[in-house]
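Chemist: Attaching a predicted model along with its sequence, questions to come.
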Amino acid sequence: MNYKLTKLKNGLKVITSEMPNVFGVSNNVFVGAGSRYETKEENGISHFLEHMTLKGTKKRPTSEDVFGTINSIGGLINAGTSNEYTCFWNKVPQKYFSLGLELLSDMLFNSLFKEEEINREKGVIIEEINMYKDRPSNYVIRIGYGLLWGDTPLGRDILGTKESVAEFQRKDFLNYLKNLYQPQNMVVSVAGNIKHQEVIKEAEKNFGKLKNYVIRNWDKYKDDQKKFEVAINYKETDQAHLFLAFKAISRHHPDKPVLDVLDSILSRGGSGRLLVNIREKRGLAYDIAAYEDNFLDTGCIFSHAGLNSQKLEEAIKAILDEFKKLKEEKIGDKELKKAKEYLKGSFLLSMDDCENVASWLGEQALFDKKIKTPEEKIKEIEKVTPEQIQKLSQKLFVKEKLNLALIGPFKDKKPFDDILNKFKL
């Protein structure tokens, strides 16, 4: 895959990948603004601001006008907020590329932020918070992140709290925009049936006159966890929902490809160790998988599962056993090959979609000194050895860095403290 990267005079990065055999173009704008940039009082403002950019601009005064611009040409539009960035995107037929990019600029820098729309959207976001709390399979991850990162921006909910959301006013959004939504802190990433110079021309027109100010920064996470932690959330459910996590590594750590393969060993589609040994062989779970999350300065790897409440102790021990095996036994060549092929294949298939390509390049352009091509990622995966996997497992899977969160009909966390105390990891 080829890409081209240009930095405009105001510091805005523009990265493109030409995909001449597709019919559409994916326009993305990445901004280094997410929940970890927020103060405690601002918790949720990054996500709320994302919502408000879709509520009307000077040129398109209503949300119907914003969505209608894209819907009327058969395109897609959306946005998403993470801990470390927010992405605004649309996917349009090739001939409407310039309209799609202009719309993103309009949303980001000409949104009205009407007080009545803000007050109306508060109710929407509070219902979004309620929705996630009513979904224990999702909410247990939120509790788990609070356990992992504590009272820090990484440990707080990206959505905010009902209390923080209710307090936001127009001036808060305008101040947040000024602090972070600047060209030096943004990337325009475009992939599809389009030429780089066409994108540069439109980027200059829509973003070239923006000015830079002082950008607020985020606080580096300081890990002081010295013993395992357990959190329970009482809820009358037929199934227990579990989050079992270890602190891990950052997105720039040299062992990142090793962690990717390790994660694939545990959670490779329908044939990863967790699903085979916990679900298929023991019948303890319907849904179980492993995931990793990597930030600029830290990270985690965790198992997430819906489990039989009556056999929870057996399930927790069985999951921990899978992490323990990676420390004690080198993975065989056959299993390692399967894990690598799954990881490579699923990644390469995702690169058939121009939206995934634009996201892949845009996130790297925002955070990384060097842009990695899919071919380079594949080579990194292929180089991972059994010895590296075992060494990283021995480093990460230690009891004092273990965090267990549970949702279910439990009122006392002592039994779970006892399970972890007795388990030799």
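Modeler: That came through, no problem.

Chemist: so who does Ile232 touch?
Modeler: Counting by CB atoms under 8 Å, 6 or more residues apart in numbering, Ile232 touches Ala405, Leu406, Ile407, Gly408, Phe410, Lys411, Asp412, Lys413, Phe416. To be clear about C-beta, it is placed using only N, CA and C from the backbone, and glycine gets the same treatment.

Chemist: Report how many residues lie close to Arg216.
Modeler: 15 (other CB atoms under 10 Å).

Chemist: That one in helix, strand or coil?
Modeler: With DSSP: H, G, I helix; E, B strand; the rest coil as the basis, Arg216 sits in coil.

Chemist: what sits against it?
Modeler: Tyr37, Asn179, Leu180.

Chemist: give me that answer again for 10 Å
Modeler: Ala33, Tyr37, Glu38, Thr39, Asn175, Tyr176, Lys178, Asn179, Leu180, Asn185 (CB atoms under 10 Å, 6 or more residues apart in numbering).

Chemist: Just give me the closest of those to Glu387.
Modeler: Tyr37 (38.7 Å; CB to CB).

Chemist: hang on, isn't the closest one packed against Ile158?
Modeler: No. At 11.5 Å, Tyr37 does not count as touching Ile158 under the criterion of CB atoms under 10 Å.

Chemist: Need the residues touching each of those two.
Modeler: Contacts common to Tyr37 and Ile158, judged by CB under 10 Å, 6+ apart, are Ser46, Asn83.

Chemist: re earlier: which members of the contacts of Ile232 are classed as buried?
Modeler: Ala405, Leu406, Ile407, Gly408, Phe410, Phe416 (16 or more other CB atoms under 10 Å).

Chemist: For the last one, which non-adjacent residue is closest in space?
Modeler: Here the nearest residue to Phe416 in space, its sequence neighbours aside, is Val230; by CB to CB, 6 or more residues apart in numbering that works out to 4.9 Å.

Chemist: List only buried entries from the contacts of Arg216.
Modeler: Ala33, Tyr37, Glu38, Tyr176, Asn179, Leu180, Asn185.

Chemist: which two from those end up farthest apart in space?
Modeler: Pairwise across the buried ones among the contacts of Arg216, and taking CB to CB, the largest span is found between Glu38 and Asn185, at 15.0 Å.

Chemist: And for Tyr213, the neighbour number?
Modeler: Counted by other CB under 10 Å, the residues lying close to Tyr213 total 12.

Chemist: quick revisit: so which of the buried ones among the contacts of Ile232 are in helices?
Modeler: If you go by DSSP state H, these have Phe416 in helices.

Chemist: Export the buried ones among the contacts of Ile232 as CSV, with columns for distance to Ser393 and pLDDT.
Modeler: As requested, the buried ones among the contacts of Ile232 are exported to CSV (distance: CB to CB, whole Å; pLDDT from 0 to 100):
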residue, distance to Ser393, pLDDT
Ala405, 22, 98
Leu406, 24, 97
Ile407, 27, 97
Gly408, 29, 95
Phe410, 29, 93
Phe416, 23, 97
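
Chemist: Columns distance to Gly144 on top of the buried ones among the contacts of Ile232, output as a markdown table?
Modeler: A markdown table is the format used below for the buried ones among the contacts of Ile232 (distance: CB to CB, whole Å):
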| residue | distance to Gly144 |
| --- | --- |
| Ala405 | 4 |
| Leu406 | 9 |
| Ile407 | 10 |
| Gly408 | 14 |
| Phe410 | 15 |
| Phe416 | 13 |
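
Chemist: and the next element down the chain from whatever helix or strand the residue nearest to Phe416 lives in?
Modeler: For Val230, the host element (DSSP states H and E) is strand 229-234. Using DSSP H and E, the helix or strand that follows strand 229-234 towards the C-terminus is strand 239-247.

Chemist: what's the offset of the very next helix or strand once past that following strand from the middle of its chain?
Modeler: Under the assignment DSSP H and E, the closest C-terminal helix or strand after strand 239-247 is helix 256-267. Chain-centre distance of helix 256-267: 17 Å, with CA atoms, centre = their mean, to the nearest Å.

Chemist: which outside residues touch the helix or strand that helix 256-267 is followed by?
Modeler: Per DSSP H and E, the first helix or strand lying C-terminal to helix 256-267 is helix 273-274. The contact list for helix 273-274 (CB under 10 Å, 6+ apart) reads 265-268, 285, 288-290, 303-305, 318-319, 321-323, 325-326, 331, 335, 339.

Chemist: Repeat the analysis, applying 6 Å as the threshold.
Modeler: Leu266, Ser267, Ile288, Ala290, Glu322 (CB atoms under 6 Å, 6 or more residues apart in numbering).

Chemist: With adjacent residues omitted, what lies nearest to the residue most central in space within the chain?
Modeler: The geometric centre of the chain, computed from its C-alpha atoms, lies nearest to Ser82 (CA atoms, centre = their mean), at 5.4 Å. In this structure, Ser82 finds its nearest non-sequential neighbour in Gly34, 5.1 Å apart by CB to CB, 6+ apart.

Chemist: For the one you found, give me its contacts.
Modeler: Counting by CB under 6 Å, 6+ apart, Gly34 has contacts Ser46, Ser82, Asn83, Glu84, Tyr85.

Chemist: Quick check: the gap between it and Leu180.
Modeler: For Gly34, the distance to Leu180 (CB to CB, to the nearest Å) stands at 9 Å.

Chemist: Relative to Ser63, how far out is Ile70?
Modeler: 12 Å.

Chemist: which outside residues touch the helix or strand encompassing Asn78?
Modeler: Secondary structure assigned from DSSP H and E places Asn78 in strand 76-81. Applying CB under 6 Å, 6+ apart, the external contacts of strand 76-81 come out as Ser46, His47, Glu50, Ile70, Cys87, Phe88, Asn90, Lys91, Ile158.

Chemist: related to what we said a few turns ago, which of the contacts of Ile232 sits closest to Glu236?
Modeler: Gly408 (8.5 Å).

Chemist: Where do the strands of the stretch 51-200 of the chain begin and end?
Modeler: 76-81, 86-93, 186-192 (DSSP state E, counting those that start in this stretch).

Chemist: Single out the most deeply packed of those strands.
Modeler: strand 186-192 (a mean of 28; mean count of other CB atoms under 10 Å).

Chemist: what pairs with that strand, and is each one parallel or antiparallel?
Modeler: With DSSP bridges as the test, strand 186-192 is paired with strand 13-18 (parallel), strand 24-31 (antiparallel).
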